[in-house]
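*Asks:* The following block contains a protein sequence and its predicted model.
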Amino acid sequence: MPSADLVALLFESTSERGDAPAFVALDTDPELIADTLQDWCRAANINTSYCDPGFP
């Protein structure tokens, strides 16, 4: 899934719920370390936490 699509889903989800998580746990797949996702997290005031490779 491209990072822009992921951001769209996260935006929709947080808009519907009216709140956002304090942080999002991510692995190191390219779409999850993309600038698009990191920029959205910063704008939404959401921290990111990256898992070590090989750990779900």
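*Replies:* Yep, it's here.

*Asks:* residue boundaries of the helices in this protein?
*Replies:* 3-17, 35-43 (DSSP state H).

*Asks:* Could you export the ones you listed as JSON lines, including distance to residue 27, mean pLDDT and mean neighbour count?
*Replies:* To be clear about C-beta, it is placed using only N, CA and C from the backbone, and glycine gets the same treatment. Shown next, in JSON lines, are these (distance: least, Cβ to Cβ, whole Å; pLDDT from 0 to 100; neighbours: other Cβ atoms under 10 Å):
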{"stretch": "helix 3-17", "distance to residue 27": "13", "mean pLDDT": "87", "mean neighbour count": "13"}
{"stretch": "helix 35-43", "distance to residue 27": "12", "mean pLDDT": "87", "mean neighbour count": "14"}
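
*Asks:* mind putting those helices in JSON lines, distance to residue 23 included?
*Replies:* As requested, the helices of the chain are exported to JSON lines (distance: least, Cβ to Cβ, whole Å):
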{"stretch": "helix 3-17", "distance to residue 23": "13"}
{"stretch": "helix 35-43", "distance to residue 23": "9"}
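
*Asks:* out of the ones you listed, nearest to residue 26?
*Replies:* helix 35-43 (7.8 Å; Cβ to Cβ).

*Asks:* which residues sit against that closest one?
*Replies:* For helix 35-43, contacts defined as Cβ atoms under 8 Å, 6 or more residues apart in numbering pick out 3, 4, 6, 7, 10, 11, 24, 26, 31, 46, 47, 48.

*Asks:* can we see that at 6 Å?
*Replies:* 3, 4, 7, 48 (Cβ atoms under 6 Å, 6 or more residues apart in numbering).

*Asks:* Correct me if wrong: the first one contacts residue 34.
*Replies:* Yes - under the contact definition of Cβ atoms under 6 Å, residue 3 touches residue 34, with a separation of 3.6 Å.

*Asks:* what sits in contact with each of these two?
*Replies:* Common contact partners of residue 3 and residue 34 (Cβ under 6 Å, 6+ apart): none.
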